[in-house]
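Chemist: Build me a model from this:
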Amino acid sequence: MRAIMKRQLPLATLCLALAAAPALAGKDCDVPVQRWQSRDAVLQYAARQGWQVQRLKIDDGCYEIRGRDAQGRAFKAKLDPETLNVLKMKQRDDQERSPHDKRGKATPAPDVAPASSAATK
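Modeler: Got it, this is the predicted structure:
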């Protein structure tokens, strides 16, 4: 009987670990949709903060805003959909470019005279 239990223990442990994995990797916001504030409420909140919203979307069960703050700095904020509390906010430097932005700075040509093909003696 003990031999059977010893073989089943690792299997049971594995099953419990796999069952707990989704809970550990869960969403940032776990609020039933019935308790969510409306998109209009989110936009009103953003306006009270002095934010200019460029994009409002839902990500990982949270509202996500991309825009500019009252000082004109680019930012991304994640808000709880029920309370509209800011859960995470990331300021972005205007010098940073998006990975989708293919424009690069032009590099000036070096000041090097072309090599002469005639040999000097």
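Chemist: residue contacts, the closest residue to residue 63 other than its chain neighbours?
Modeler: Leaving aside its sequence neighbours, residue 63 sits nearest to residue 79 (CB to CB, 6 or more residues apart in numbering; 4.3 Å). Where C-beta positions appear, they are placed from N, C-alpha and C, glycine not excepted. Contacts here follow CB atoms under 8 Å, 6 or more residues apart in numbering; on that basis residue 79 touches 42, 45, 62-65, 85-87.
Chemist: Which ones among those map onto helices?
Modeler: 42, 45 (DSSP state H).
Chemist: Make sure residue 46 is actually in contact with residue 65.
Modeler: Yes: the criterion here is CB atoms under 8 Å, and residue 46 meets it with residue 65 at 6.0 Å.
Chemist: which neighbours do those two share?
Modeler: In contact with both residue 46 and residue 65: 53, 56, using CB under 8 Å, 6+ apart.
Chemist: Looking only at neighbour counts, state which of those two leads.
Modeler: In this view residue 46 and residue 65 are compared by other CB atoms under 10 Å, and residue 65 has more residues nearby, 23 against 20.
Chemist: Let me know the secondary structure of the closest residue to residue 36 other than its chain neighbours.
Modeler: The spatial neighbour of residue 36 that comes closest, neighbours along the chain excluded (CB to CB, 6+ apart), is residue 81 at 4.2 Å. Put simply, residue 81 is coil when judged by DSSP: H, G, I helix; E, B strand; the rest coil.
Chemist: give the contact list for residue 81.
Modeler: Neighbouring residues of residue 81 by CB under 8 Å, 6+ apart: 29, 31, 35-37, 58, 61-63.
Chemist: So it versus residue 59, what's the distance?
Modeler: Distance of residue 81 to residue 59, given as CB to CB, to the nearest Å: 11 Å.
Chemist: The contacts of residue 81 in strands, which ones?
Modeler: Here DSSP state E is the test, and these give 58, 62-63 as lying in strands.
Chemist: Any chance of a PyMOL selection covering the buried ones in the residues you listed?
Modeler: Of the ones in strands among the contacts of residue 81, the buried ones can be selected in PyMOL as follows, counting by 16 or more other CB atoms under 10 Å:
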select buried, resi 62+63
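Chemist: TSV please, covering the ones in strands among the contacts of residue 81 and showing pLDDT.
Modeler: Shown next, in TSV, are those (pLDDT from 0 to 100):
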residue	pLDDT
58	94
62	96
63	96
